[in-house]
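**Student:** Quick check, what structure comes out for this input:
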Amino acid sequence: MTAGWTRGVIRAATGPAVSQTVLKFGGSLLVRRTWRDELRSLVDDCIGPTTIVVGGGPLVDGLRAIDAASPRPADVMHRLAIDAMGVTARMVADAAALPLAADPAEAADAVVLDAAAWLSQAGRYDDLPAGWHVTSDSIAAIVATACGAALLLAKSVPPPESSGSLVALAEGGWVDDHFAVAAADLDRIDWAVPAGIIPTNSR
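**Tutor:** Below is the predicted model of the structure:
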């Protein structure tokens, strides 16, 4: 248990030891007063250079609500949601005094990834279907896959105790519906939630 965090394993590593981490930091965590200290403590405990993929949080939730009231084409909303992730990422990088980068961390201890910029490189948008069934969960998974990194999912609630597969995690609403595909080749997936948090159905 990391200070301030409760952690667990979703998929234990079976191959060579990984040397870096992709940390998906859920946007719902950003409404906590202590999120900066919590993020720092989690990064300090990660393996090697750490790339932080920040969820869209309330900004993307707003886009979902607008789209529900007046639907727009899926590809338009998909790009707008990822752009909103970029706004949140810039805020996190500034508030946590971390560099914002268009590429995953290599030499740096930790960077906040500009997901839109990274996806724009080499046609990576084509690796993701467009729709609300694809979120920062899947984006973090494809970043980790591209880097050969471990994936750590930091969320506001722990995964369902009964889930025994990535598909079950999606069925339980803990990750998005595309995650099982996006994370299929990952060798190590862990989870973390703030210690003492009261479970809810929100992700």
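
**Student:** Kindly export the longest helix along the chain (C-alpha atoms) in CSV.
**Tutor:** In the chain, assigned by DSSP state H, the helix with the most residues is helix 74-95. Only the C-alpha atoms of helix 74-95 are listed here, as CSV (Å, rounded to 0.1, in the frame of the first residue of the first chain):
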residue,chain,number,x,y,z
ALA,A,74,-19.4,10.2,-33.1
ASP,A,75,-16.1,11.2,-34.7
VAL,A,76,-16.7,14.9,-34.0
MET,A,77,-17.5,14.2,-30.3
HIS,A,78,-14.6,11.8,-30.1
ARG,A,79,-12.1,14.4,-31.1
LEU,A,80,-13.6,17.1,-28.9
ALA,A,81,-13.4,14.7,-25.9
ILE,A,82,-9.7,14.1,-26.5
ASP,A,83,-9.2,17.8,-27.0
ALA,A,84,-10.9,18.3,-23.6
MET,A,85,-8.4,15.7,-22.1
GLY,A,86,-5.7,18.0,-23.4
VAL,A,87,-7.1,21.0,-21.5
THR,A,88,-7.2,18.9,-18.3
ALA,A,89,-3.7,17.6,-19.0
ARG,A,90,-2.3,21.1,-19.3
MET,A,91,-4.0,22.1,-16.0
VAL,A,92,-2.5,19.1,-14.2
ALA,A,93,0.9,19.7,-15.6
ASP,A,94,0.9,23.3,-14.5
ALA,A,95,-0.6,22.6,-11.1
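
**Student:** Surely Ser156 and Trp191 touch.
**Tutor:** No - when contacts are counted by Cβ atoms under 8 Å, Ser156 is not listed as touching Trp191 (11.3 Å). Glycine gets a C-beta too; all of them are placed from N, C-alpha and C.

**Student:** anything in contact with each of the two?
**Tutor:** Contact with both Ser156 and Trp191 is made by no residue, according to Cβ atoms under 8 Å, 6 or more residues apart in numbering.

**Student:** ok, which stretches of the protein are strands?
**Tutor:** 5-11, 21-25, 50-54, 100-101, 110-113, 150-154, 189-194 (DSSP state E).

**Student:** Next, format those as TSV and append mean pLDDT and mean neighbour count.
**Tutor:** Below are these laid out as TSV (pLDDT from 0 to 100; neighbours: other Cβ atoms under 10 Å):
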stretch	mean pLDDT	mean neighbour count
strand 5-11	89	15
strand 21-25	95	28
strand 50-54	95	27
strand 100-101	93	18
strand 110-113	94	24
strand 150-154	95	25
strand 189-194	92	21
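
**Student:** Dump those strands into a markdown table; add distance to Pro71 as well.
**Tutor:** Shown next, in a markdown table, are these (distance: least, Cβ to Cβ, whole Å):
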| stretch | distance to Pro71 |
| --- | --- |
| strand 5-11 | 33 |
| strand 21-25 | 27 |
| strand 50-54 | 26 |
| strand 100-101 | 32 |
| strand 110-113 | 29 |
| strand 150-154 | 29 |
| strand 189-194 | 33 |
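
**Student:** Can you tell me which of these is nearest to Thr88?
**Tutor:** Of all the strands of the chain, it is strand 50-54 that lies closest to Thr88, at 5.1 Å by Cβ to Cβ.
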